[in-house]
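S.K.: Turn this into a structure:
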Amino acid sequence: HVQLVESGGGSVQAGGSLRLSCVASGDTYGTYCMGWFRQTPGTEREGVARIGSSGPRYADSVTGRFTVSKDVAKNTLILQMNGLKSEDSAMYYCAARNLPGCNAWSGFNDWGQGTQVTVS
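M.R.: Numbers count the residues shown, from 1 in each chain. As a prediction, the model looks like this:
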């Protein structure tokens, strides 16, 4: 398993930016895909961005505004969020998948505790 710890959330005005980080530890060599998800109270968790060997993929709602990247040397997943909107407010979770492939929002095995993003 992989342990994941997110940071970087906070409060920001609409149009602003935030940078989320997720540090991975443990069995990281067996990770095929990492991603960011978000959830608001009373709704299902939704995929925001993921990255695997074939590159990044994004939800339509964040394409052009968010960028996901990996710092392999530091075992860190990063989500740069620009042009934030009120509808981006949510708890953001980092996730890792230890099964081959990175073609869907499903199949993620390990999850962090989340970091709150509030856009006003």
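S.K.: Tell me who's in contact with W36.
M.R.: W36 is in contact with 20, 22, 47-50, 68, 77, 79, 92-95, counting by Cβ atoms under 8 Å, 6 or more residues apart in numbering. Any C-beta I mention is one placed from the backbone N, CA and C, and that applies to glycine too.
S.K.: For it, give the beta-bridge partners.
M.R.: Note on W36: beta-bridge partners A49, C94, judged by DSSP bridges.
S.K.: Start at 698, not 1
M.R.: Yes, from this point I'll number from 698; that puts the last item at W733.
S.K.: buried set for stretch 704-716?
M.R.: 705-706, 709, 715 (16 or more other Cβ atoms under 10 Å).
S.K.: Let me fix that, I meant to ask about stretch 754-761.
M.R.: 754-756, 759.
S.K.: all strands of this structure, in order?
M.R.: 699-704, 707-709, 715-723, 730-736, 743-749, 752-755, 763-768, 773-778, 787-794, 807-808, 812-816 (DSSP state E).
S.K.: PyMOL command to pick out the buried ones of the contacts of W733?
M.R.: Listed next is the PyMOL selection for buried residues among the contacts of W733, using 16+ other Cβ under 10 Å:
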select buried, resi 717+719+744+745+746+747+765+774+776+789+790+791+792
